[in-house]
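K.L.:
here is my input, please return the structure:
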Amino acid sequence: MGVFSRSKCFLAVLLVTVLSACFAGCYSKIKGWSEESFRQESFTESVLNHEGLALLPVIVLMRPVEKSPEKGGEIVSAPYAPGKSAEKPEEKQGNVASAYRIILNETLLSQFQSKLPEIRLITPGDALIRLNDAGMAAAYSKFDTEFTQTGLDANTLQSFGKALNSRFLFISIAVVSEYKTDASMTLVWTIGRKSEFRSVKISGQIWDTKTCQHLWEGSGVGYNRLAPFEGSPLLEEMSSQAVKSLLEAIFR
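P.N.:
This is a model prediction of the structure:
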């Protein structure tokens, strides 16, 4: 084999190695941010530590894949916003929503326990059991379906607090979004391929079930832009970043 042939062979192997790394070895970094929209002056960590907190299961809303309306790929706000009603998608992606719900419930519980190790927490699973034992299964189902549109009334809040034997209640809504941008022209082998923007936004509220007082509200986001040939992040990673960002806003 001549020198020229050996050089071509070396270049071919190098190219295959580089392309293999691009296809299989690249993973998009997950980023996060948070915001606080309301905080009662009397709300502190010590209040929760003293009285305890019940975590209701996360309400998960799925947004269908669609083309991003903005070139910058900025995070799209959740359907639910303070003081506004929200519309659910006509068709929920049931399996994915259920997976996110399980992951988010477990992540919320774990990170709350890490932040407040001494707090008396009622887990999402225990909350459902207590509501069911109190004959409030139908009331909870109605709340879970209609909360993003109608909010929470005083009677429901107080009845939940009594059934859960908890003064403070944590309500959360997660919105899972995926958007596709225009085809990338950055490199030759990415022509015609589309990048994707994915996000998990979890909004949370803390209520006093005794006084019906709204104590805190805010949100956290986990997101990433998936370029061509980058591996998709795990559901757990996206959800964990969203919850982490949310709790950073609560316990700032």
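K.L.:
next, count neighbours for residue 123.
P.N.:
By other CB atoms under 10 Å, the residues close to residue 123 number 17. Heads up, the C-betas are built off the backbone N, CA and C, glycines and all.
K.L.:
look up the closest residue to it, ignoring the ones flanking it.
P.N.:
residue 109 (5.4 Å; CB to CB, 6 or more residues apart in numbering).
K.L.:
give the buried residues for the helix or strand containing the one you found.
P.N.:
Applying DSSP states H and E as the criterion places residue 109 in helix 94-115. The neighbour-count check on helix 94-115 (16 or more other CB atoms under 10 Å) flags 97, 99-109, 111-112 as buried.
K.L.:
helices or strands next to it in the packing?
P.N.:
Helix 94-115 sits against strand 53-55, strand 59-62, strand 121-122, helix 124-133, strand 168-183, helix 235-250, with contacts defined as 3 or more CB pairs under 8 Å, 6 or more residues apart in numbering; DSSP states H and E.
K.L.:
okay, the angle between it and helix 124-133?
P.N.:
110 degrees (axes from the mean of the first three to the mean of the last three CA atoms, to 10 degrees).
K.L.:
got the contact list for helix 94-115?
P.N.:
53, 55, 57-58, 60-62, 119, 121, 123-125, 170, 172, 174, 176, 200, 202, 235-236, 239-240, 242-244, 247, 251 (CB atoms under 8 Å, 6 or more residues apart in numbering).
K.L.:
buried ones among those residues?
P.N.:
Buried among those (16+ other CB under 10 Å): 53, 55, 57-58, 60-62, 119, 121, 123-124, 170, 172, 174, 176, 200, 202, 235, 239-240, 242-244, 247.
K.L.:
quick one: pLDDT of the residue nearest to residue 123?
P.N.:
pLDDT recorded at residue 109 is 96.
K.L.:
for it, give its distance to residue 62.
P.N.:
Distance, residue 109 to residue 62, by CB to CB, to the nearest Å: 22 Å.
K.L.:
tell me the buried residues in stretch 37-55?
P.N.:
Neighbour counts using 16+ other CB under 10 Å place 39, 43, 47, 48, 53, 54, 55 of stretch 37-55 among the buried residues.
K.L.:
relative to residue 158, which of these is nearest.
P.N.:
Distance to residue 158, by CB to CB, is smallest for residue 54 among the buried residues of stretch 37-55, at 13.0 Å.
K.L.:
close enough to count as contact, the closest one and residue 164?
P.N.:
Yes. The criterion here is CB atoms under 8 Å, and residue 54 meets it with residue 164 at 4.4 Å.
K.L.:
what do those two both touch?
P.N.:
By CB under 8 Å, 6+ apart, residue 54 and residue 164 have these common neighbours: 122, 127.
K.L.:
can you show me the CA trace of the helix holding residue 109 as PDB?
P.N.:
Extracted in PDB, the C-alpha atoms of helix 94-115 (Å, rounded to 0.1, in the frame of the first residue of the first chain):
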ATOM      1  CA  GLY A  94     -51.300   9.800  28.300                       C
ATOM      2  CA  ASN A  95     -48.300   7.500  28.600                       C
ATOM      3  CA  VAL A  96     -45.800  10.300  28.600                       C
ATOM      4  CA  ALA A  97     -47.900  12.400  31.000                       C
ATOM      5  CA  SER A  98     -48.200   9.500  33.400                       C
ATOM      6  CA  ALA A  99     -44.400   8.900  33.300                       C
ATOM      7  CA  TYR A 100     -43.700  12.600  34.000                       C
ATOM      8  CA  ARG A 101     -46.200  12.600  36.800                       C
ATOM      9  CA  ILE A 102     -44.600   9.600  38.600                       C
ATOM     10  CA  ILE A 103     -41.100  11.100  38.100                       C
ATOM     11  CA  LEU A 104     -42.100  14.600  39.200                       C
ATOM     12  CA  ASN A 105     -43.900  13.300  42.300                       C
ATOM     13  CA  GLU A 106     -40.800  11.300  43.400                       C
ATOM     14  CA  THR A 107     -38.500  14.200  42.600                       C
ATOM     15  CA  LEU A 108     -40.500  16.700  44.500                       C
ATOM     16  CA  LEU A 109     -40.700  14.500  47.600                       C
ATOM     17  CA  SER A 110     -37.000  13.700  47.500                       C
ATOM     18  CA  GLN A 111     -35.900  17.400  47.000                       C
ATOM     19  CA  PHE A 112     -38.300  18.700  49.600                       C
ATOM     20  CA  GLN A 113     -36.900  16.200  52.100                       C
ATOM     21  CA  SER A 114     -33.400  17.200  51.200                       C
ATOM     22  CA  LYS A 115     -34.100  20.900  51.700                       C
END
